[in-house]
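Participant: From the sequence below, what's the structure:
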Amino acid sequence: MNIILITGASSGIGMEFALQMDKYFKHVDEFWLVARSRDRLEELGKALGHRVRIFPMDITKPENMEILEAAVAKHVIRILVNCAGYGMMGSFDRQELKTAVGMIRLNCEALTELTHRMIPHMKRGSRMIQMASSAAFLPQQDFAVYAASKSYVLSFSRALGEELRDKGIYVTSVCPGPVDTPFFDIAESTGSTLAVKKYTMVSAERVVALALKDSYQKRSLSVCSFPIKTFRVISKIIPHGLLLKIGGQMKRKGL
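Facilitator: Below is the predicted model:
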């Protein structure tokens, strides 16, 4: 049986992947939706035309990874979409340790473990879509752990894509800027982002549509919107130390 597996499927970008892929991927037998909220997964499942299997679980717990691996044993993962993750803003030394470490465990460790466990169940033509962020392009004060975690996702995923290319398994890292989802409702509960970032916000629909197109075209990177593409180029040209100082000045001025 051919499966699409999506983590973080209960809201935001993960939910949008499920909705868009449901329209276009007719050759897939089932959608497997993974997130902590059973109610939201059940509601999403009712909206999809495909058969759906829900996994209401916390994927940072090893026993839940084992459940997923056992469930997929005799099936083929056609597309793995790793969307589960969160970010918290604010000064690192004022964040709760559990919150900061939790970002690493979910954004990095769980993504890595699930990817490793699912690769044996993928075959030529299978794809991975890994949610990174434009925060991966540059260290960011008051967003230190999140930006570092997404830098890991980007680096890991691009290297993995090269390792798997000869097997015909393609990996696309998705690096959007601010997206109009509930992400900031959580992230800004402990701090705030640069005000200017809000002017670059795009819809989840746009991010996902481009990500699916880039995945289909076997691109290793998907960056949505001209401002974020420009930011990526700037982060390659200008030393990060200088950009960090500029960012600090802008934050102090409320920009």
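Participant: where exactly do the helices run in the stretch 101-250 of the chain?
Facilitator: 111-118, 144-164, 183-187, 204-216, 226-237, 240-252 (DSSP state H, counting those that start in this stretch).
Participant: Output those as JSON lines; include the columns mean pLDDT, mean neighbour count and distance to residue 46.
Facilitator: C-betas here are computed from N, CA, C, even on glycine. JSON lines is the format used below for those (pLDDT from 0 to 100; neighbours: other C-beta atoms under 10 Å; distance: least, C-beta to C-beta, whole Å):
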{"stretch": "helix 111-118", "mean pLDDT": "98", "mean neighbour count": "18", "distance to residue 46": "25"}
{"stretch": "helix 144-164", "mean pLDDT": "97", "mean neighbour count": "19", "distance to residue 46": "31"}
{"stretch": "helix 183-187", "mean pLDDT": "59", "mean neighbour count": "15", "distance to residue 46": "24"}
{"stretch": "helix 204-216", "mean pLDDT": "97", "mean neighbour count": "19", "distance to residue 46": "20"}
{"stretch": "helix 226-237", "mean pLDDT": "94", "mean neighbour count": "14", "distance to residue 46": "34"}
{"stretch": "helix 240-252", "mean pLDDT": "82", "mean neighbour count": "13", "distance to residue 46": "43"}
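Participant: As CSV, those helices with distance to residue 18 would be great.
Facilitator: CSV is the format used below for those (distance: least, C-beta to C-beta, whole Å):
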stretch, distance to residue 18
helix 111-118, 17
helix 144-164, 20
helix 183-187, 17
helix 204-216, 9
helix 226-237, 24
helix 240-252, 34
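Participant: which one of those helices lies closest to residue 174?
Facilitator: For the helices of the stretch 101-250 of the chain, proximity to residue 174 was assessed by C-beta to C-beta; helix 204-216 is nearest, at 4.6 Å.
Participant: where does the stretch 51-200 of the chain have low pLDDT?
Facilitator: 183-198 (pLDDT under 70).
Participant: need the strands for it, in chain order.
Facilitator: 51-56, 76-82, 127-131, 170-174 (DSSP state E, counting those that start in this stretch).
Participant: Relative to residue 225, which of the ones you listed is closest?
Facilitator: Here strand 170-174 is closest among the strands of the stretch 51-200 of the chain (C-beta to C-beta), at 12.4 Å.
Participant: Compute the inter-axis angle for the closest one and strand 127-131.
Facilitator: Orientation of strand 170-174 against strand 127-131 (axes from the mean of the first three to the mean of the last three C-alpha atoms, to 10 degrees) gives an angle of 20 degrees.
Participant: Run through who's touching strand 170-174.
Facilitator: When contacts are defined by C-beta atoms under 8 Å, 6 or more residues apart in numbering, strand 170-174 is touched by residues 126-132, 153-154, 157-158, 160-161, 164, 207, 211, 214-215, 218-222.
Participant: List the neighbouring strands of that strand plus their orientation.
Facilitator: strand 127-131 (parallel), strand 221-222 (parallel) (DSSP bridges).
Participant: among those strands, which is the most enclosed?
Facilitator: Of those, the one with the most neighbours on average (mean count of other C-beta atoms under 10 Å) is strand 127-131, at a mean of 25.
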